[in-house]
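**Q** Sequence first, then the predicted structure, then my questions.
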Amino acid sequence: FGLYSTYRQWVDSSTRDIHYPPGPPAGSFLGKASIFPTSRPWLTYVEWGKKYGDILHLNIYGQHIIVLNAVEDAVELLERRSGLYSDRPKDPMITLMGWDFNVELMPYGQQWRAHRKLFQHCFRSKSSIAYRTLQSAKINDLLYALLTRPGDFRSHCKETASAIMMATLYDNDLKPDTTDYFTKVFDEGVKRAGNDDIAGVTFLKLFPILRYLPTWSPGARFKRSASGVKQLADRMRDIPIDYVGKGLLNGTVGPSLVSDLLENCYVQKEFDMVKHLATSSCVGGIDTVASSLTSFFLAMALFPAVQKKAQEKIDMSMGMERLPTFNDRTALPYLEAIYRELMRWAPVFPLITAHVSTEDDIYKGFYIPKGSNVVANVWSMTRNEEKYPEPEAFNPDRFLDAEGNLNDDDTVLTFGFGRRICPGRHMATATLWLAMVSVLATFDIRKKTDENGKEIPIDRDYADALRSRPGPFECSITPRRGNSAKLIREVIHTISPESTIGSDTR
Ligand code: HEM
């Protein structure tokens, strides 16, 4: 550490007349890492932003970190200059853990480009329309689950997000048992990979050579842990795709995105790409959607006036005798505004996955060295009080003009920026929109009451994780009208007769 730090200081002193963006003082040698906020760093960056400005610089043992607190800077660097800012941090642990399949972590280059092209092909706006029938069926299942087991609404959010992704990818007719099994395999893999024990191995980033330590040697515990994670990562990748492969041979599997892609695979490289696409989609597209859906229940319980207004708009637009469909979307601007406000109010990623610069750059007179980790602080951007007064209030009207039409503030910042922007955003948006409008059409979401009929307050808490999700909370979910249950049962029995979520206890 001593030698390395001295070397970095020497490198830095040779660029003394170059100004990095401002930031908190680095502190003593051993104190350098301690300036790095470990808990909810996005909040600390907002505070530092007030003191040092919208562009911050941290130097952690020679690793430059640039934090962007303002949208304009993120757009300029990560979008307009995206040719320079689209790499990802290098972390030898990723390969040791077998997570190099994940497109989100892939370095910017040929391999990433090929995967990204396949993603575009499968999930661009036009292609995503193909998944709507399946999304509708699974959202009907969600309504039925809320009708029969409303107390488990949080699990239903996760089940719905999983069911949509697994069925789209692996088999449109995937049975709930198989979905549950695949989900379990994924959850185990993701959980172990995010384990502090493993994720916290920062010294390996500084001294990548240590990855060659033999597994048995003292200090190589990280390698033994990584090999356990790798086994789970291999299961995540192989089990569902083997199911499709075998099913195609035996004629026992329904149509799906993966089966379509496999039909056109001729070499191992193509087969691997399909595997990576499917696994990356599950990693990127289940917990994120589940988190936003859970935040939606939280917002509706906390802001009943918004809920009431939305329900009135739905009733006025489509009547009360049917469930909503995607065709209702353009006629419901208030619901679109709720979606935008949800993504602003509760961004799944308060900090966007770091982009890494591949060349030295100068921006606004500041020097941004090659290899800097550039992090967009979406939390700060969505809390900009000039643009969003009272930012903690859930107020969809901020996205509407005086006539009730949508304004042009339509960028969902929590999907990221530039060439690495989330490729699953169209699919995620469609799922969330239909789920929200379907739930509002059929249920009332309220705070729970105690034995004296007094509302039990909800504490708005969010997990301290890079992928944010609401902390535990309870709410009451009851059918809105006499015909809500009837409409849901009808659609469950006519459109998806195989739905077996829960047993009807009501
Ligand atoms: C509410 C839901 C979602 C949110 C908030 C979200 C957010 C994000 C963010 C912030 C990134 C990084 C962007 C950047 O680096 O600038 C990302 C990347 C990614 N997301 Fe999503 N995502 C969601 C849903 C999905 C879905 C449904 C899929 C799959 C269909 C998906 C697949 C991916 C993939 C593969 C990447 C890596 C892209 C790359 O590095 O080139 N995500 N997502």
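**A** Here it is on my side, so go on. A quick note: this is a predicted structure, and the numbers were derived from the prediction, not measured.
**Q** and the most centrally placed residue in the chain, what helix or strand is that in?
**A** Among the residues of the chain, the smallest C-alpha distance to the mean C-alpha position (Cα atoms, centre = their mean) belongs to residue 288, namely 3.4 Å. If you go by DSSP states H and E, residue 288 is part of helix 287-302.
**Q** Pick out the residue in the stretch 1-150 of the chain sitting closest to the ligand.
**A** Using Cβ to the nearest ligand atom, residue 104 is the residue of the stretch 1-150 of the chain that sits closest to the ligand, at 3.6 Å. Bear in mind the C-beta positions are built from the backbone N, C-alpha and C, glycine included.
**Q** Confirm that residue sits in a helix?
**A** Yes: membership of residue 104 in a helix is supported by DSSP: H, G, I helix; E, B strand; the rest coil.
**Q** Any regions of this structure where pLDDT drops low?
**A** Along the chain, segments meeting pLDDT under 70 span 1-2, 4-17, 26-34, 196-207, 493-506.
**Q** rewinding a little: residues near the residue of the stretch 1-150 of the chain closest to the ligand, how many?
**A** With neighbours defined by other Cβ atoms under 10 Å, the count for residue 104 comes to 15.
**Q** got a list of what it touches?
**A** 88, 280, 283, 284, 353, 420 (Cβ atoms under 8 Å, 6 or more residues apart in numbering).
**Q** switch the cut-off to 7 Å
**A** Each residue near residue 104 by Cβ atoms under 7 Å, 6 or more residues apart in numbering is listed here: 280, 284, 353.
**Q** hang on, the earlier thing: for the residue nearest to the centre of the chain, which non-adjacent residue is spatially closest?
**A** Spatial nearest neighbour of residue 288, excluding adjacent residues (Cβ to Cβ, 6 or more residues apart in numbering): residue 348 at 4.9 Å.
**Q** Quickly note the distance from that neighbour to the ligand.
**A** Residue 348 sits 4 Å away from the ligand, taking Cβ to the nearest ligand atom, to the nearest Å as the criterion.
**Q** which non-adjacent residue is nearest residue 140?
**A** Nearest residue to residue 140, sequence neighbours excluded (Cβ to Cβ, 6+ apart): residue 491, at 5.0 Å.
**Q** Next up, identify which helix or strand that neighbour is on.
**A** helix 484-495.
**Q** neighbouring contacts of that helix?
**A** Residues from elsewhere that reach helix 484-495, judged by Cβ under 7 Å, 6+ apart: 137, 140, 143, 144, 147, 322, 323, 442, 443, 479, 499.
**Q** circling back: where helices are concerned, which of the contacts of residue 104 count?
**A** Per DSSP state H, helices hold the following members of the contacts of residue 104: 280, 284.
**Q** what subset of the contacts of residue 104 is also close to the ligand?
**A** Filtering the contacts of residue 104 for neighbours of the ligand using Cβ under 6 Å from any ligand atom leaves 280, 284, 353.
**Q** can you tell me which helix in this structure is longest?
**A** Longest helix in the chain, counting residues (DSSP H): helix 221-250.
**Q** want to throw the ones next to the ligand among the contacts of residue 104 into CSV with neighbour count?
**A** Formatted as CSV, these follow (neighbours: other Cβ atoms under 10 Å):
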residue, neighbour count
280, 22
284, 21
353, 18
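**Q** For the ligand, state which of the residues you listed is nearest.
**A** Nearest to the ligand among those: residue 284, at 2.9 Å, using Cβ to the nearest ligand atom.
**Q** measure the closest one to residue 186 for me?
**A** Between residue 284 and residue 186 the computed distance is 11 Å (Cβ to Cβ, to the nearest Å).
**Q** And for residue 226?
**A** 19 Å.
**Q** Residue 309 too?
**A** Distance, residue 309 to residue 186, by Cβ to Cβ: 37 Å.
**Q** next one: the helix or strand harbouring residue 339 to chain centre, how far?
**A** When elements are assigned from DSSP H and E, residue 339 belongs to helix 333-345. Centroid separation for helix 333-345 versus its chain: 17 Å, with Cα atoms, centre = their mean, to the nearest Å.
**Q** and residue 277, how many neighbours?
**A** 23.
**Q** For the nearest residue to it once chain neighbours are set aside, the count of nearby residues, please.
**A** Counting by Cβ to Cβ, 6+ apart, residue 118 is the residue found nearest to residue 277 once chain neighbours are left out, at 5.4 Å. Around residue 118 there are 18 other residues, counting by other Cβ under 10 Å.
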